[in-house]
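Enquirer: Structure for the following, please:
(one chain, ligands or ions: 2)
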Amino acid sequence: MSQFAWQRAVIKVGSALIAPDGNACSSQFLLPIAQFICASRAQGKEVILVSSGSVAAGRSKIAYKHFPSIAEKQAMAAVGQTQMMANWAQLFDFDCAQILLTSDDLHNRTRYVNIKNTLRELLRNHALPIVNENDTVVINELKVGDNDNLAAYTALVAQADTLIICSDIDGLYDADPRKNPHARFIPKVHEINQQIHDLAGGAGTSVGTGGMRTKIQAAEKCAKSGIQTLIVNGRNADVFAQLSQGKQPGTLFVPSKNRDGARTQWLRHTLRSKGTLVIDVGARQALMHKGASLLPSGITSVLGSFKPGEAVDIRCKDQIIAKGLSLYSNSELVKIKGQQSDKIDTLLGYSSGEVVIHRDDMVLL
Ligand SMILES: Nc1ncnc2c1ncn2[C@@H]1O[C@H](COP(=O)(O)OP(=O)(O)O)[C@@H](O)[C@H]1O
Ligand SMILES: N[C@@H](CCC(=O)OP(=O)(O)O)C(=O)O
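Expert: Ligands and ions are numbered 1, 2, ... in the order given. Predicted coordinates for the structure are as follows:
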């Protein structure tokens, strides 16, 4: 079995472990995880917990008909969150700190910095941060939506070196083992490409959200930032004994060698796009394969409302291929799209440069 080393980890625990029967908290699977956290801290390692389960924990407390509405689920989360926190807190003899986040918080620079500072202070004071999505205040479009991606964002903000996702399955298989009994286990993934994304299916139980699909997305975010991700079966106590001995159970996603710098990370993960530039196939080719900047001539349409300096998605046909900072506003781009760069001056009466998005201000997605 391979060795597994880390210093600062985000450990994500899914609903299936917090509330295994789907409607109340249980400590059944949490004890080995808590023991592992304590043992790791005693070795000088730092841990941040991302814990799901508030909706499942509060399910039996809120009346609903066949399927709970969004408001009913939000009420379940509000009741369940305190129970989930209490469930963890009883397993530790140090302070637990509740952090509830939304996607907005992670995409706003001031809030992002505040989250980063709070996490740093909590770790410095040996408290255990326990993060969940703030389900009360978000509607679907503004949600991170699943705690796998929330855990990846948390690992980025906290500058962790490792993300450990504790699920109800041993790791990644080449098909969902709940549906295909012949699925084969994959212990290590060196590159997260389309083929790996295609292996992943949805949630395995009614309490899980996102399934393996969102775990691979989380692993990809981390890999691009130099963070390793391990998916393990949190129902198997032996997994945590192995981790404590520095061994690697589960599926390890090796971090990318060409890790993003801080600016690229900011562009890729933190900045929220205010609009979309649709480009033609020639421009796509130039961006994807020639390292080119985006010129007005390759833009076929402009969507959304944005100012110069704001982030936009770059789309070709149905695929968003890149994101970048536009030097021009949407109304300026409507006038210069499809035109040669030397016409910008004449069309606008001024020019902010011959490119619309400079290569240095762009990330391929
Ligand atoms: N290729 C795959 N390999 C392993 N598990 C998969 C795969 N595709 C889908 N799954 C499903 O993902 C489930 C775990 O995700 P999920 O139900 O969201 O749990 P969690 O609460 O841990 O996030 C597994 O139980 C399994 O059924
Ligand atoms: N905020 C939700 C998290 C939902 C979620 O992502 O669940 P899971 O797939 O079990 O990690 C809750 O606490 O119920």
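
Enquirer: Residue of the stretch 251-365 of the chain closest to ligand 2, please.
Expert: Across the stretch 251-365 of the chain, no residue is closer to ligand 2 than T251, which sits at 16.7 Å (C-beta to the nearest ligand atom). For the C-beta atoms, the positions are set from N, CA and C on the backbone; glycine is no exception.

Enquirer: separation between V13 and ligand 2?
Expert: 8 Å (C-beta to the nearest ligand atom, to the nearest Å).

Enquirer: what about that residue, how many neighbours?
Expert: Each residue near V13 was counted by other C-beta atoms under 10 Å, and the total is 25.

Enquirer: Then I344?
Expert: Other residues within reach of I344, judged by other C-beta under 10 Å, total 23.

Enquirer: same deal with the one 5 residues further on?
Expert: Applying other C-beta under 10 Å, we find 7 residues neighbouring G349.

Enquirer: For S51, grab phi and psi.
Expert: Summarising the backbone geometry of S51 under the convention degrees, to the nearest 10, its torsions are phi -120, psi 120.

Enquirer: Mind pulling up the pLDDT for it?
Expert: The score at S51 is 97. That number is its pLDDT.

Enquirer: just to revisit the earlier point, for the residue lying closest to the residue of the stretch 251-365 of the chain closest to ligand 2 once chain neighbours are set aside, give me its contacts.
Expert: Among residues not flanking T251 along the chain, G171 sits closest, at 3.2 Å (C-beta to C-beta, 6 or more residues apart in numbering). Contact partners of G171, counting by C-beta atoms under 8 Å, 6 or more residues apart in numbering, are 185-187, 231-233, 249-251.

Enquirer: ok, back up a step: V189 is in contact with the residue of the stretch 251-365 of the chain closest to ligand 2, correct?
Expert: Yes: A contact is recorded between T251 and V189 when judged using C-beta atoms under 8 Å, the distance being 6.5 Å.

Enquirer: who's in contact with the residue in the stretch 151-300 of the chain that ligand 2 sits nearest to?
Expert: When distances are taken as C-beta to the nearest ligand atom, the stretch 151-300 of the chain approaches ligand 2 most closely through T209, which lies 3.6 Å from it. By C-beta under 8 Å, 6+ apart, T209 lies in contact with 15, 52, 145-147, 203.

Enquirer: what's the nearest residue to the most centrally placed residue in the chain if we skip its chain neighbours?
Expert: Geometric centre of the chain, nearest residue: N149, 2.4 Å, by C-alpha atoms, centre = their mean. Counting by C-beta to C-beta, 6+ apart, A218 is the residue found nearest to N149 once chain neighbours are left out, at 5.3 Å.

Enquirer: and the one you found, what helix or strand is that in?
Expert: helix 211-224 (DSSP states H and E).

Enquirer: go on, E191?
Expert: Assignment of secondary structure by DSSP H and E places E191 within no helix or strand.

Enquirer: just to revisit the earlier point, with secondary structure and pLDDT as new columns, can the contacts of G171 be given to me in a markdown table?
Expert: What follows is the contacts of G171, written out as a markdown table (DSSP: H, G, I helix; E, B strand; the rest coil; pLDDT from 0 to 100):
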| residue | secondary structure | pLDDT |
| --- | --- | --- |
| F185 | strand | 97 |
| I186 | coil | 97 |
| P187 | coil | 97 |
| I231 | strand | 98 |
| V232 | strand | 98 |
| N233 | strand | 97 |
| P249 | coil | 96 |
| G250 | coil | 97 |
| T251 | strand | 98 |
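
Enquirer: If you rank those residues by neighbours, which is first?
Expert: With neighbours set by other C-beta under 10 Å, the maximum within the contacts of G171 is found at I231, which has 28 neighbours.

Enquirer: Correct me if wrong: that one contacts K215.
Expert: Yes: in terms of C-beta under 8 Å, I231 counts as a neighbour of K215; the distance is 5.7 Å.

Enquirer: Residues that sit against both of those two, list them.
Expert: For the pair I231 and K215, residues contacting each of them under the criterion C-beta under 8 Å, 6+ apart are 165, 167, 172.

Enquirer: Specify which member of the residues you listed is nearest to ligand 1.
Expert: Out of the shared contacts of I231 and K215, the one with the shortest distance to ligand 1 is S167. That distance is 3.3 Å, counting by C-beta to the nearest ligand atom.

Enquirer: Could you count how many residues lie near that closest one?
Expert: By the criterion of other C-beta under 10 Å, S167 has 24 neighbours.

Enquirer: got it, and Q194?
Expert: By other C-beta under 10 Å, 6 other residues sit near Q194.

Enquirer: Need the pLDDT of it.
Expert: Note for Q194: predicted pLDDT of 92.

Enquirer: Distance-wise, check it relative to I216.
Expert: Distance of Q194 to I216, computed by C-beta to C-beta, to the nearest Å: 11 Å.

Enquirer: shouldn't Q228 be in contact with V254?
Expert: Yes: under the criterion of C-beta under 8 Å, Q228 makes contact with V254 at 6.4 Å.

Enquirer: the more surrounded of the two?
Expert: Per other C-beta under 10 Å, whichever of Q228 and V254 has more neighbours is Q228, with 22 against 14.

Enquirer: who touches the nearest residue to G282 once chain neighbours are set aside in this structure?
Expert: Taking C-beta to C-beta, 6+ apart as the measure, G282 lies nearest to G298, with 6.2 Å between them; neighbours along the chain are not counted. Under the criterion of C-beta under 8 Å, 6+ apart, the contact partners of G298 comprise 279-280, 282-284, 286.
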